[in-house]
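> Kindly return the folded structure for what I paste below:
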Amino acid sequence: MTGKVSTLSTMATDVPDLYRSLDSSIPEIRLFALEPAQTDEGAIVGHLQNVPLSSAPAYEALSYKWGKPVYSEPITIAGHTVLITPNLAVALRGLRLRDRQRVLWIDALCINQESLHERAQQVSLMKDIYSRCVCDLLWLGPLSEPETQSWTPSEEIMGQGFELMRRLVDRDMTVLNPMMKEWKDHEQMKEKWRASYHSTDDNLDNQLAGEQAAVGEGGQPGSQEAHEKSQDKDNNAKRQAEKEPRGDEMEDTGTRTGSDIQDCMLSSDEQWALESAFGRPDVLKRLWVMQELSVAPKVQLVAGRHKLDWDVVSEFLGDTPYADAFHGTFSHGTVGQISYWIFEKVQVIDHQRRILRQEGESKLLDVLARFRRTNCLDPRDKIFGLLGLVTDHKEIKVDYEKSPAQVYADVTASLINRSGNLDVICQSPWTSSQDYRRLAEASLGNLPSWAINFLADGEIELFAQRSIFNAGRSSCEVPCRRVGEDILVVKGVIVGRVGPILQDDYTHDGNGSALRWRYDTSTHIPLDWMRLYLNHKQVLDKGSTDQYITGESSFTAFWRTLTVDCAVWPMARLTSQQIQDQDTSLRENWSQFLDGVTDEGTNKSNLHREYFSAPEIQRMWNRLYTQWSFSTTTNGLFILIIPPTREGDFIACLDGAKLPVVLRPVQDGSLQTFQIVAVAYVHGIMDMEATQSSELRAKLGLQDQEFWIV
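I've put the predicted structure just below:
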């Protein structure tokens, strides 16, 4: 053994013979042979070997959380001492066999991390490496990072989650009957509350479940962060279709089919066990693991000495009616389906596995969006780490010589060229209330405003799917025209300029957190906004001749703007009958509230919680009001905007963009350029009126022009 101690990040330089060059023409990979040990405390010993990928000996792959790049745990490789991360050391000790070698492929050990060329070459082989392994071992824990120990589920709790999952898949009635009784009791109590208080279902779930154990996302029930996350998850659960009528509860006579199972309420302990095993492990947030788990022929979840085959999880998730029957109580007492809360992370992985098994189309945009809430150290790996799952865009190559900004701009341009439109910009799943140009400056260098920041999680709910809107022309120029690396040239028409934004809680500095607390004031927001921007008494007057640019009344245009002229679920444009019915009831109801309007604002006590009489329209309003804000343009258009839009920004309908885009002028010497800031809803121009209606174009003085976007 040499006296020199190396780390994973330096051992290729310190000990050159450890990493013999890989022959990329074959191609070759390295495998790590982990030597056996009789005790967990024994030294970790192994050696690396170069082998042809096509004829490699049987090996298992390891997926685990890297953790922080702190190299403190010694192992011995071919007689040399190398320091590795604590998490890897714990996993190797847990996986080490007593009586024979275990041959593994481990990215941190088997790729020379100092060589950009080798990294790029091996990354391009990742799909083949994992698809050829015997099994991918997903190490959930235990972990060995002191700063995360208090948040990391114990090995025993994860083991309980494994066992509960097995029993759920087996339809074990000793487990299911108590769960079904708990749900039945919950529903009976809800009926009592409904009879006593005439509350809505949403309020009842909050009231009733508040008495039950609720575990938030951060392990702190009732925290603001947990509440915000629970709102998103519960919204997802409420969107699912109505289930078939349930049958009577049956005696515990053995196994039953999914169609026989009634809704079930998990206890707090059961919920915590499942969340610990399938929702909480940090490794499920690691981007590289997504490809590994998606392509491996077999996956085994490992929590210390506890193991569970992925097929068990897949069987549960794949039986949708059965999986959707299980409910849990979450932060702030909300009740939701566990398949859309606890299993969100494993569900997206299982979706990808099923797509690949069925040899279906796996588009780049879909894959990037599916795994956008995963983490990686190198921003470029948000793209490179997922290319092995993609069946299109073969022109994108792994190239670590490019900067992250270059990679993101090239991928955005490739997506535009392939689709022939600007959906990736104006309907981006990565849309955030943060100023993404400023975010880019912190982590990506000079990212153009038109390029997608693939590091963003995405916070703003989209509302233009399935071509509900078509504000701009249907297609754009392709291949897209770029001037140098940073400028994208597009065509379109400016429809207006954002006027004063009058809401006190609106900030254009990229911080939209204040808007999230609007649920406390949701009962009077519409009238307050009407009071801020319009002559509300005149607008509500049935005899008013006040008209919007479309020819309809300003009142009708106002409330249709608040709901982006849509209803949910499923999401669809409002019909003429819905508009007529809602317009009549709204005008009558809102007029009754005028006595509560003072110079200080609307009196909350005079308002009912549900503004819109049609539930599908009320749900649309509920979906939007905490993120979007009403305003007007200087030429009188009604708009719905998000931060960081600010007064003075232009709103344009670009060719190929289904939604209007907010543009901010940037003077670069004598060159007039623009930044893309956000998207917007503009009432009356969401169906190509800005390009096809000669009457509207003449009325607003609209002209086509070219935009240089930086």
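
> Could you list the low-pLDDT ranges of the stretch 101-250 of the chain?
The model of the stretch 101-250 of the chain has pLDDT under 70 over residues 145-152, 197-250.

> can you map out the strands along it?
In the stretch 101-250 of the chain, the strands defined using DSSP state E, counting those that start in this stretch lie at 102-105, 135-141.

> Identify the neighbouring strands of the last one in the sheet and state each direction.
Right, strand 135-141. strand 60-63 (parallel), strand 299-303 (parallel) (DSSP bridges).

> Quick check: which of those strands is nearest to residue 650?
strand 60-63 (47.0 Å; CB to CB). The way it works is simple: take the backbone N, C-alpha and C, and place the C-beta from them, glycine included.

> Dump the closest one to CSV, restricted to CA.
Extracted in CSV, the C-alpha atoms of strand 60-63 (Å, rounded to 0.1, in the frame of the first residue of the first chain):
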residue,chain,number,x,y,z
GLU,A,60,-24.8,-4.7,-10.7
ALA,A,61,-25.1,-0.9,-10.9
LEU,A,62,-25.3,1.3,-7.8
SER,A,63,-27.6,4.3,-7.6
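
> What residues of it count as buried?
Neighbour-count burial for strand 60-63 flags 60-63 (criterion: 16 or more other CB atoms under 10 Å).

> what do you get for stretch 644-658?
644-646, 649-658.

> Sort those by pLDDT and name the bottom one.
Across these, the smallest pLDDT goes to residue 644, namely 88.

> so where does it fall, helix or strand?
In the assignment (DSSP states H and E), residue 644 maps to no helix and no strand.

> Surely it touches residue 506?
No - using CB atoms under 8 Å, residue 644 is not in contact with residue 506, being 10.4 Å away.

> quick one on the thing from earlier: quick one: which of the strands of the stretch 101-250 of the chain is nearest residue 432?
That would be strand 135-141 among the strands of the stretch 101-250 of the chain, by CB to CB, at 29.6 Å.

> Which residues does that closest one contact?
Applying CB atoms under 8 Å, 6 or more residues apart in numbering, the contact partners of strand 135-141 are 60-65, 91, 94-95, 104, 130, 152-155, 158, 277, 281, 283, 289, 292-293, 296-304, 310.

> rerun that using 6 Å as the cut-off
Contacts of strand 135-141 with the rest of the structure, by CB atoms under 6 Å, 6 or more residues apart in numbering, involve 60-64, 91, 152, 158, 281, 292, 296, 298-303.

> Now it - C-alpha only, PDB.
C-alpha atoms of strand 135-141 as PDB (Å, rounded to 0.1, in the frame of the first residue of the first chain):
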ATOM      1  CA  CYS A 135     -29.800  -5.200 -11.400                       C
ATOM      2  CA  ASP A 136     -29.700  -1.600 -10.400                       C
ATOM      3  CA  LEU A 137     -29.300  -1.300  -6.600                       C
ATOM      4  CA  LEU A 138     -31.100   1.900  -5.400                       C
ATOM      5  CA  TRP A 139     -29.500   2.700  -2.000                       C
ATOM      6  CA  LEU A 140     -32.100   4.700   0.000                       C
ATOM      7  CA  GLY A 141     -30.100   4.700   3.200                       C
END
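
> still on that earlier bit, pick the most deeply packed of the strands of the stretch 101-250 of the chain.
strand 135-141 (a mean of 25; mean count of other CB atoms under 10 Å).

> Go through the chain and flag its longest strand.
The longest strand of the chain (DSSP state E) is strand 487-497.

> sorry, back to before: quick check on the contacts of strand 135-141: which are buried?
60-64, 91, 152, 158, 281, 292, 296, 299-303.

> Setting aside sequence neighbours, what's the nearest residue to residue 532?
Nearest residue to residue 532 in three dimensions, chain neighbours excluded: residue 502, at 4.4 Å (CB to CB, 6 or more residues apart in numbering).

> and if you look at residue 67?
residue 87 (4.3 Å).

> how close does that neighbour sit to residue 614?
With the distance defined as CB to CB, to the nearest Å, residue 87 ends up 52 Å from residue 614.

> who has more neighbours, the two?
residue 87 (25 against 17; other CB atoms under 10 Å).

> doesn't that one fall inside a helix?
Yes - under DSSP: H, G, I helix; E, B strand; the rest coil, residue 87 falls within a helix.

> Is it correct that it is in contact with residue 143?
Yes - contact criterion CB atoms under 6 Å: residue 87 and residue 143 qualify, at 5.3 Å.

> What is the burial count for residue 31?
Neighbourhood size, residue 31 [other CB under 10 Å]: 24.

> With just CA atoms, put the strand or helix carrying it into PDB.
Element membership for residue 31 (DSSP H and E) is strand 28-34. Taking Å, rounded to 0.1, in the frame of the first residue of the first chain, the C-alpha atoms of strand 28-34 are listed here in PDB:
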ATOM      1  CA  GLU A  28     -14.800  -0.100 -22.700                       C
ATOM      2  CA  ILE A  29     -16.100   0.600 -19.200                       C
ATOM      3  CA  ARG A  30     -14.600   0.100 -15.800                       C
ATOM      4  CA  LEU A  31     -16.000  -2.200 -13.100                       C
ATOM      5  CA  PHE A  32     -15.300  -2.100  -9.400                       C
ATOM      6  CA  ALA A  33     -14.800  -5.500  -7.700                       C
ATOM      7  CA  LEU A  34     -15.700  -5.100  -4.000                       C
END
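
> The next helix or strand after that strand: which residues count as buried?
Using DSSP H and E, the helix or strand that follows strand 28-34 in sequence is strand 45-52. Of the residues in strand 45-52, 45-51 count as buried by neighbour count, 16+ other CB under 10 Å.

> same deal with stretch 550-568?
Within stretch 550-568, the residues that count as buried by 16+ other CB under 10 Å are 553-568.

> Could you do stretch 82-102 as well?
Applying 16+ other CB under 10 Å to stretch 82-102 flags 82-96, 102 as buried.

> cool, and stretch 124-137?
124-127, 129-133, 135-137.

> same check, this time on stretch 182-195
182-184, 186, 190.

> centre of the chain versus that stretch, how much separation?
Here the centre of stretch 182-195 is set off from its chain's centre by 33 Å, with CA atoms, centre = their mean, to the nearest Å.

> then it to PDB, C-alphas only?
Output of stretch 182-195 as PDB, limited to C-alpha atoms (Å, rounded to 0.1, in the frame of the first residue of the first chain):
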ATOM      1  CA  GLU A 182     -61.100   4.700   9.000                       C
ATOM      2  CA  TRP A 183     -62.200   6.200   5.700                       C
ATOM      3  CA  LYS A 184     -65.800   5.300   6.300                       C
ATOM      4  CA  ASP A 185     -65.700   7.100   9.700                       C
ATOM      5  CA  HIS A 186     -64.100  10.100   8.100                       C
ATOM      6  CA  GLU A 187     -66.900  10.300   5.400                       C
ATOM      7  CA  GLN A 188     -69.600   9.900   8.100                       C
ATOM      8  CA  MET A 189     -68.100  12.800  10.100                       C
ATOM      9  CA  LYS A 190     -67.900  14.900   7.000                       C
ATOM     10  CA  GLU A 191     -71.600  14.400   6.400                       C
ATOM     11  CA  LYS A 192     -72.300  15.500   9.900                       C
ATOM     12  CA  TRP A 193     -70.300  18.700   9.400                       C
ATOM     13  CA  ARG A 194     -71.900  19.300   6.100                       C
ATOM     14  CA  ALA A 195     -75.400  19.100   7.600                       C
END
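
> of the buried residues of stretch 182-195, closest to residue 496?
Nearest to residue 496, judged by CB to CB, of those is residue 190 at 47.3 Å.

> What separation do you get for residue 308 and residue 302?
8 Å.

> Now do the contacts for the residue nearest to residue 182 when sequence neighbours are not counted.
Once flanking residues are discounted, residue 182 sits nearest to residue 265: 3.8 Å by CB to CB, 6+ apart. By CB under 6 Å, 6+ apart, the contact set of residue 265 is 179, 182-183, 186, 327.

> I am finished for the moment; much appreciated.
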